[in-house]
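> Give me coordinates for this.
(2 chains)
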Amino acid sequence: MSKQGLAAAGAEENGTKSGLVKRPKKHQKKRQSAEFHAVESTKKTVNFLDDSDRKLTDTSSISKTSVKEVARQLLKSRMELPIWDAKNALLKKFRDNRVLILVGETGSGKSTQIPQFINECDFSREGCVAITQPRRVAAVNLARRVAQEQGSKLGDTVGYSIRFDDCSSRSTRIKYMTDGMLLRELINDPLLSNYHTVILDEAHERTLLTDMLLGFVKKIIKKRPALRVIVMSATLDAERFSDFFDGAEICFISGRQYPVQVHYTYAPEVDYVDAALRSVFQLHTQLPAGDILVFLTGQDEIEALESVIKDYSKQLPPNVPQLHVCPLFASLPQEQQMQVFQPAPPNHRKVVLATNIAETSITISGIRYVIDTGLAKVKQYNARLGLESLSVAPISQSAARQRAGRAGREAPGQCFCLYTEQDFEKMSKETIPEIKRIDLAQAVLTLKARGQDDVIHFDYMDPPSRESLARALEHLYSIGALGDNGKITDIGYQMSLIPLVPSLARALLSAVENDCVAEVIDIVSCLSTDSLFVSPQDKREEANEAWSKFRHKLGDHLTSLNTVRQYLSVNVSARKSWCQKNFINKRALKTVLDIRKQLQEHANRAGWNCTANDNYNAESVLCSFLHGYITNTALLHPDGSYKTVIGNQNVSIHPSSTLFGKKVESIMYHESVFTTKPYARGVTAIHASWLTEVAPHYLGRQSA
DNA sequence: TGGGGATTT
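Sure, this is the predicted structure:
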């Protein structure tokens, strides 16, 4: 494509060629093409490495040879990685620096090679190197690969550790793990003495857990001079990490690069989904082979666009290749997710319609063109009201670059932004770290349980607001995790050992006293993952009908208990069809069972009675929850609305609740979310009198 | 009468 690019082509030719594609009525009044103008990418804007890691994954042809032989053969391709040119220089840096910031794009090979280089250094003779990942799959896949490269059985020299699955042993020298896992290890090993080196990978993503680790690790190196730390980032914000670690040295790893030409629209596109639609067809009819990746904000949008594209592509003339559309979002069933990795059928061009999941979690090969709406759904937390909301917002410049980079993994590519260059300039430079956007109750409890009593002066790379910390402290106090002096209580410490959000951990501890552990475990497991209930738009009534046999008149908590118990009573071989028939999310249920098992093991270790009781006492179960939900309660007012017990705010029962439309004396709920108004989700009816019984310490103080 | 971006222990 010329410098003029798609813009001119689109503007001038699309009109005359518009016979190719008939637009539905609602689009007819709009301008017929998104107008682009091409902008040469500067090195700084688009600086991408090739996906060298991927070349190493194809070991199928040598799978029959011995492990050592595989390793020997892999070494050859490893040594071709750009990072190997720098190996000796890096080894010297590792020896000379206790803290190092390493910058290299995803796929440069740093995640696989750096730990192996470290393992060759003399300081690594004893102990293990930990390398943390924000996501479970990444930890497992990296460990698999590196085990192959090392010629070791997975779990031997090279292993991984993630929730529900520890594949490491005493002989493990290189351990991939999730951030959450290393954070958990801090409880029993506050100085991380098992590790000579800790590598924090993907630090640029700035997830809550990585940020917490950054703070802890900084604290630990002052107490443990032998510990080495490497912070790895794929973006150019290395100075911030360096500043955080008192001017630590920064290393850049270069690699082979594929340029990505970035195009912006001349004028803002009001309807970005429509603009995306037009762009897909413009690209398809005008640009050479190569798959297209479109970044959108959510499932609804993706499904809507998918059906329109499929519809339109029927009208493509026979001499033009067809379009093969693949949706991609987290809640998509696994089998359908796998479709994006399949090459398009002959004479087809693949179009992947994805959420942010394709920005970090999933890499698709064959993408040459990216269409970026510049938007994403972002969670925001209003600490003052204690309300979370999820809303569509512009992404950051660094996220936009990340998205564009998806076009240049294998060859030079192009990115078409559905916004103007001026809009790009107006975007914030970096994505706001998660720690500034979410409810911090669990994070604060985590800090306190690991000896960081003063959570305001913890060494945060980006400190959360005082208001947000205060809200979290208040919440923890309300459920008895903190005492009047703000220090963690015995109950709070026990809560921190349970892998649940504080409210649910509290419910479980109360269940021990109320002797209904098994029941509460089943319910908290459901509340710790995605909703079990899926309602397809076209089968809503049918789904509602199917769920009626699970419904409990007191509300959602006991309804999920019914659901789990009915599921467990079904023959293992019939469970899959049972889920289908009853509109139950199979994947979510599997997660529920994993969590349930982990909690049962915890209960057994703690010596709690966890025998299931079919004639359980509903009041005992619900009061256990109420201990965790003190701040999440509301009373019915004479006008028919619910107002929160604390703060007297309006809150409505969410339509997904079994109590929707019902009027009961008072309610407790799992969470409140702001969409069109404040809603309570996961709701159960309670007696107002229970409130004063359960939390006299808190409610008394509030009214005083 | 409404809506689950992505993660994790």
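> Just grab the bridge partners of A:S233 for me.
A:V103 (DSSP bridges).
> How many residues are close by it?
23 (other Cβ atoms under 10 Å). For every residue, glycine as well, the C-beta is placed using N, CA and C.
> just A:G104 next, same as before
With other Cβ under 10 Å as criterion, A:G104 counts 23.
> Now do it, the pLDDT please.
On the pLDDT scale, A:G104 is placed at 83.
> again, but for the one 3 residues further on
As predicted, A:G107 sits at a pLDDT of 67.
> The one 10 residues further on now?
Looking at A:F117, its pLDDT stands at 92.
> Ok, the one 4 residues further on next?
Per-residue confidence for A:C121 comes out at a pLDDT of 79.
> for A:A399, what are its contacts?
Counting by Cβ atoms under 8 Å, 6 or more residues apart in numbering, A:A399 touches A:E359, A:A376, A:T431.
> Now do stretch A:221-229: distance to the chain's middle.
30 Å (Cα atoms, centre = their mean, to the nearest Å).
> buried stuff in it?
A:I221, A:L227, A:R228, A:V229 (16 or more other Cβ atoms under 10 Å).
> For the first one, list the residues it contacts.
This means A:I221. Contacts of A:I221 (Cβ under 8 Å, 6+ apart): A:R98, A:V99, A:L227, A:V229.
> Check the spacing between the last one and A:R565 real quick.
According to Cβ to Cβ, to the nearest Å, A:V229 and A:R565 sit 47 Å apart.
> Where does the closest residue to A:K223 other than its chain neighbours fall, secondary structure wise?
Once flanking residues are discounted, A:K223 sits nearest to A:L191: 6.1 Å by Cβ to Cβ, 6 or more residues apart in numbering. Assigned by DSSP states H and E, A:L191 belongs to no helix or strand.
> What is the burial count for A:L191?
A:L191 has 14 nearby residues by other Cβ under 10 Å.
> I'd say it and A:I220 touch.
Yes: in this structure, A:L191 is within contact of A:I220 by Cβ atoms under 8 Å, at 5.7 Å.
> and for the two, which residues touch both?
By Cβ under 8 Å, 6+ apart, the residues touching both A:L191 and A:I220 are A:L227.
> tally of neighbours for the closest residue to A:L100 other than its chain neighbours?
Using Cβ to Cβ, 6+ apart and skipping residues adjacent in sequence, the residue nearest A:L100 is A:I230, 4.9 Å away. By other Cβ under 10 Å, 27 other residues sit near A:I230.
> and which of the buried residues of stretch A:221-229 is nearest DNA strand B?
Ranked by distance to DNA strand B (Cβ to the nearest atom of the strand), these are led by A:V229 at 20.2 Å.
> List the contacts of the closest one.
Counted by Cβ under 8 Å, 6+ apart, A:V229 has contacts A:R98, A:V99, A:L100, A:T197, A:V198, A:I199, A:L200, A:V217, A:I221, A:F245.
> taking these one by one, which sit in strands?
Judged by DSSP state E, the contacts of A:V229 include A:V99, A:L100, A:T197, A:V198, A:I199, A:L200 as members of strands.
> Quick check: bridge partners of the fourth one?
Right, the one you point to is A:V198. The partner residues for A:V198, given DSSP bridges, come to A:A130, A:V229.
> quick one, what contacts it?
A:V129, A:A130, A:I131, A:T132, A:L182, A:L192, A:V217, A:L227, A:R228, A:V229, A:I230.
> What pLDDT does the model give the third one?
Confidence per residue is given as pLDDT, and for A:I131 that number is 96.
> Tell me how far the nearest residue to it once chain neighbours are set aside lies from DNA strand B.
Nearest residue to A:I131, sequence neighbours excluded (Cβ to Cβ, 6+ apart): A:I199, at 4.2 Å. Distance, A:I199 to DNA strand B, using Cβ to the nearest atom of the strand, to the nearest Å: 17 Å.
> Can you name the residues of the stretch 301-450 of chain A that neighbour DNA strand B?
A:329-331, A:355-357, A:361, A:376-379, A:390, A:434, A:442 (Cβ under 7 Å from any atom of the strand).
> I'd guess A:R409 is in a helix, am I close?
No: going by DSSP: H, G, I helix; E, B strand; the rest coil, the assignment for A:R409 is coil, not a helix.
> residues near it, how many?
23.
> Then A:S428?
A:S428 has 12 nearby residues by other Cβ under 10 Å.
> ok, the closest residue to it other than its chain neighbours - how many residues close by?
The shortest distance from A:S428 to any non-neighbouring residue, by Cβ to Cβ, 6+ apart, is to A:S396 (4.9 Å). By the criterion of other Cβ under 10 Å, A:S396 has 17 neighbours.
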